[in-house]
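**Student:** Sequence first, then the predicted structure:
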Amino acid sequence: MPMLSKPTNDRAATRGLSLTLTGLLAGTALAGLLAAAAPIAAQVAPQEVNRIVLRVNDQILTLHDYEKRKARQINRILSDPSLDPEARQEQLAVLGKALMRNIFEELLVRSRASQLSIVVDDVQVERAIDRIRREQNIQTEQQMAQALAGAGLTMDELREIMRRDLLTQQVMGREVQERIQLDEDDLRAYYRDHPEEFRIPERRWLKEVIVLDSSGLDEGQRRSVAAEIKNAVDGGVPFEEAVAPYQEQGITTGVVDLGWLQAEELSGALRDAAFSLEPGAYSEPIEARGGLHVLHLVELQESQFQPFSEVQEEIYRREQAKRIRKEMSAYMAELAARAYVRENLPPEAVGYRQFGVIEEQEPSELDILRAPLRPKDEEDDEGGS
């Protein structure tokens, strides 16, 4: 788990939990997945619930806490609308190892925080939550309660998640940040070695008129109209004036300003024609969607490179993130090598230390509160209509 640049797994688990599972359960396979999300502790013998499954120095993980976090992850996977059934199954298949690896690294950091006497107090946690409220425009306790309920969290659980994140930030800020040194020479070297990343593609300002398939004319008549328009504009008649009589009869569109376009924004014959024109020129009629198109190139901007001054900050953020990942990996390996570790793992988590870290889309400060919040009476009104 990239502890510095990404939130802990519980925070990622909150993503999308306020979405309904209706529709995800239409098939028997997904219904089976939902059944797997039931609290697993209920399936475990009482004496097993609180056994220690992982010890890292002075930090422990119990089976109860593991199963609780696992259930959240299952709910997250089931609730993620971006996952198709196959991707959902794949994530569930590796969930035990992925979760245990994340928790292992979390315990490493918590143990190191204890060694460094780093403590996150209640005031810091409440300030962090207040900042989230402001950023997410959560104005009332009712709104907060609704968001947390939709995410399957209590306020105490949210506070614990925030406490872990703040602790991680402080440890990494003290021990990893100082390893990351970037000066202007580094940034300029990257700019020099990756010029294509900063190329602005050629753009063309285009206008067009279409002789419509729906005009009622046969193909020969439509081609005749397109040729007449082309001949008129080549002879110096303004585009709008050449088109006007046909537009009035519903044979053509008016002149449509397509604006500035790059080659990738057009396809097939339209792209080929548009990017072979000289400024001021008109294309031959082109068969494409809707009818025969006549293009006019108003102006072009040649491909160019963004100056270093415009992309310096972007390069810094990119290179900093890359170096953070590299140094984080090295730092976690150092902590793991020095750690006293004892394991009594659930079967699905065996082999977690060899499991690769899954890259995630980085959530915002608190994605569980990202779903739109509405007053309760509005929801009731909508449900009753």
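**Tutor:** Structure's in. What do you need? All values reported here derive from a predicted model rather than from experimental measurement. Numbering: from 1, shown residues only.
**Student:** Most remote residue from the middle of this structure, which is it?
**Tutor:** Gly235 (51.7 Å; C-alpha atoms, centre = their mean).
**Student:** give the contact list for that residue.
**Tutor:** By C-beta atoms under 8 Å, 6 or more residues apart in numbering, the contact list for Gly235 is empty. For every residue, glycine as well, the C-beta is placed using N, CA and C.
**Student:** Mind pulling up the pLDDT for it?
**Tutor:** We note a pLDDT of 94 for Gly235 in this prediction.
**Student:** ditto for Ser5
**Tutor:** pLDDT, the model's per-residue confidence, is 33 for Ser5.
**Student:** Cross-check the contact I'm expecting between Ile138 and Ala147.
**Tutor:** Yes: between Ile138 and Ala147 there is a contact under C-beta atoms under 8 Å: 6.7 Å.
**Student:** Neighbour count: the two, which is higher?
**Tutor:** When Ile138 and Ala147 are compared for neighbours, Ala147 comes out ahead with 23 against 20, by other C-beta atoms under 10 Å.
**Student:** Now the more buried one: which helix or strand?
**Tutor:** Following DSSP states H and E, one finds Ala147 within helix 141-151.
**Student:** Residues contacting the host helix or strand of Gly220, please?
**Tutor:** Assigned by DSSP H and E, Gly220 belongs to helix 219-234. Outside helix 219-234, the residues that touch it by C-beta under 8 Å, 6+ apart are 209, 211-213, 215, 217, 239, 241-243, 246, 251-252, 282, 284-285, 291-292, 294, 296.
**Student:** Quick one: name whatever helix or strand follows that helix.
**Tutor:** Of the helices and strands lying after helix 219-234 in sequence (DSSP H and E), the nearest is helix 239-248.
**Student:** Could you pull out the buried residues of that following helix?
**Tutor:** Phe239, Ala242, Val243, Tyr246 (16 or more other C-beta atoms under 10 Å).
**Student:** which residues does the residue nearest to the last one when sequence neighbours are not counted bridge with?
**Tutor:** The one in question is Tyr246. Excluding the flanking residues, the one nearest Tyr246 by C-beta to C-beta, 6 or more residues apart in numbering is Thr252, at 4.3 Å. Note on Thr252: beta-bridge partners by DSSP bridges are Val211.
**Student:** And Thr252, how far from Gly216?
**Tutor:** Distance, Thr252 to Gly216, using C-beta to C-beta, to the nearest Å: 12 Å.
**Student:** which of those two has more neighbours?
**Tutor:** The residue with more neighbours, out of Thr252 and Gly216, is Thr252; 25 against 11, by other C-beta under 10 Å.
**Student:** circling back: can you name the next helix or strand after the helix holding Ala147?
**Tutor:** With secondary structure assigned by DSSP H and E, helix 141-151 is succeeded by helix 155-175.
**Student:** and that next one, what's its mean pLDDT?
**Tutor:** Mean predicted lDDT for helix 155-175 stands at 90.
**Student:** Output it as CSV, restricted to C-alpha atoms.
**Tutor:** Output of helix 155-175 as CSV, limited to C-alpha atoms (Å, rounded to 0.1, in the frame of the first residue of the first chain):
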residue,chain,number,x,y,z
MET,A,155,-18.2,8.2,13.5
ASP,A,156,-15.8,6.3,15.7
GLU,A,157,-14.7,4.2,12.8
LEU,A,158,-14.2,7.4,10.7
ARG,A,159,-12.1,8.9,13.5
GLU,A,160,-9.9,5.8,13.6
ILE,A,161,-9.4,5.9,9.9
MET,A,162,-8.4,9.5,10.0
ARG,A,163,-6.1,8.9,13.0
ARG,A,164,-4.2,6.2,11.0
ASP,A,165,-3.9,8.5,8.0
LEU,A,166,-2.6,11.4,10.0
LEU,A,167,-0.1,9.1,11.8
THR,A,168,1.1,7.8,8.4
GLN,A,169,1.5,11.3,7.1
GLN,A,170,3.6,12.4,10.1
VAL,A,171,5.9,9.3,9.9
MET,A,172,6.4,9.6,6.2
GLY,A,173,6.9,13.4,6.4
ARG,A,174,9.7,12.8,8.9
GLU,A,175,11.5,9.8,7.5
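**Student:** got the angle between it and helix 141-151?
**Tutor:** Relative orientation of helix 155-175 and helix 141-151, computed by axes from the mean of the first three to the mean of the last three C-alpha atoms, to 10 degrees: 80 degrees.
**Student:** Would you mark the buried spots in the helix or strand following helix 155-175?
**Tutor:** Going down the chain from helix 155-175, the next helix or strand is helix 184-193, by DSSP H and E. By 16+ other C-beta under 10 Å, the buried positions in helix 184-193 come out as Leu187, Tyr190, Tyr191.
**Student:** Give me the residues contacting helix 184-193.
**Tutor:** Contacts of helix 184-193 (C-beta under 8 Å, 6+ apart): Phe198, Phe308, Val311, Gln312, Ile315, Tyr316, Arg318, Glu319.
**Student:** Now with 7 Å, please.
**Tutor:** Phe198, Phe308, Val311, Gln312, Ile315, Tyr316, Glu319 (C-beta atoms under 7 Å, 6 or more residues apart in numbering).
**Student:** Going by distance to Glu178, which of the buried residues of helix 239-248 wins?
**Tutor:** Nearest to Glu178 among the buried residues of helix 239-248: Phe239, at 62.8 Å, using C-beta to C-beta.
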